[in-house]
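> show me how the following folds:
(one chain, ligands or ions: 1)
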Amino acid sequence: MANEWGPLGALAGSWEGEGGLDTSFHHADDKVGGTPYLEKVTFAPFGPVDNGSQHLYGLDYKTAMWRNDEQDPFHTEIGYWLWDGATGEILRAFSIPRGITVLAGGHADADATSFTLKAAVGDPQYPIGEGQYLTANASSVSYEVTVTVGDGTWSYAETTMLRMKELPDLLPHTDHNTLHKVAVHHFPG
Ligand code: HEM
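Predicted coordinates:
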């Protein structure tokens with residue numbers, strides 16, 4: 001894809017990965033546990049978006065994760081990934097329907113095949129926003145994701161540090177997966 005999208009260009013398209021693994025506090029078991037998952041992601045390119053002299057190119061994305069053969073996903077995200085070619089800034093703005101929005105940011109070269117983005121609650125530049133219940137009971141203190149692009153694959157590893165009211169210490173809530181490109185089938189005509 002044209003290099004207006006910088007390191008994000010390699011992500012355009014539809015992807016699946018069945019080797020996902022989540023670690024989180026499971027209320028049903030009252031303890032920390034692991035959850036293997038299947039994930040489906042789509043990234044649709046757009047741009048430029050002009051903010052005055054800034055020209056952003058981006059991908060709008062949706063992702064969903066399923067456990068075993070469950071019908072409904074147990075985790076979803078929608079949002080945007082953005083690239084500012086003039087500064088090398090990458091932004092990932094996304095929402096999780098627990099009442100969380102994240103604007104994670106970082107920098108990379110246009111031809112980078114790996115990059116890291118960060119956000120933190122209360123950060124003036126790259127904040128995590130959350131509702132009142134979560135602030136009191138399960139606050140997302142910080143977030144960090146590293147994306148690595150391979151040959152026909154891409155991977156992420158992310159850690160959200162959670163302040164859980166059930167636990168004495170911050171909990172690293174971690175997720176990682178490797179996604180493979182899938183064909184998109186169009187109806188004829
Ligand atoms: C691949 C990405 C993710 C998956 C698959 C995932 C999955 C999960 C799971 C399974 C739980 C445990 C629910 C339970 O059994 O009680 C959980 C809890 C939670 N997650 Fe995530 N999560 C992901 C990313 C994130 C991110 C990026 C954030 C915040 C920036 C986040 C914030 C939370 C919070 C605050 C809770 C605690 C909710 C509660 O205990 O009331 N998660 N997540």
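
> write down the beta-bridge partners of residue 91, one by one.
Beta-bridge pairing of residue 91, defined through DSSP bridges, involves residue 82, residue 105.

> for it, which residues are in contact?
Contact criterion C-beta atoms under 8 Å, 6 or more residues apart in numbering gives 80, 81, 82, 84, 103, 104, 105, 117 as the residues in contact with residue 91. For every residue, glycine as well, the C-beta is placed using N, CA and C.

> now the second one: closest residue in space that isn't a chain neighbour?
If I follow you right, that is residue 81. Nearest-residue entry for residue 81: residue 59, 4.6 Å, with adjacent residues in sequence omitted and distances by C-beta to C-beta, 6 or more residues apart in numbering.

> thinking the one you found is in contact with residue 11, fair?
Yes: taking C-beta atoms under 8 Å as the contact criterion, residue 59 and residue 11 are neighbours in contact, 6.0 Å apart.

> ok, residue 109 touching residue 88?
Yes: between residue 109 and residue 88 there is a contact at 6.3 Å, judged by C-beta under 8 Å.

> mind listing the helices for the protein?
Assigned by DSSP state H, the helices in the chain fall at 132-137.

> residues from it in reach of the ligand?
Residues of the chain found near the ligand (C-beta under 6 Å from any ligand atom) are 22, 24-28, 35, 37, 65, 74-75, 96, 98, 100, 102, 128, 134, 137-138, 140, 143, 160, 162, 173, 175.

> can I get the buried ones among those residues as something I can paste into PyMOL?
Buried residues within those, as defined by 16 or more other C-beta atoms under 10 Å, are selected in PyMOL through the command that follows:
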select buried, resi 22+24+25+35+37+65+75+96+100+102+128+134+138+140+143+160+162+173+175
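
> now, which of the residues of the chain next to the ligand lie within strands?
22, 24-26, 35, 37, 65, 75, 96, 100, 102, 128, 138, 140, 143, 160, 162, 173, 175 (DSSP state E).

> check the offset of stretch 80-97 from the chain's centre.
10 Å (C-alpha atoms, centre = their mean, to the nearest Å).

> per-residue confidence at residue 111?
Reading off the per-residue confidence, residue 111 sits at a pLDDT of 96.

> got the contact list for residue 129?
Residue 129 is in contact with 100, 101, 102, counting by C-beta under 8 Å, 6+ apart.

> if we use 6 Å, what do you get?
Residues in contact with residue 129 (C-beta atoms under 6 Å, 6 or more residues apart in numbering) are residue 101.
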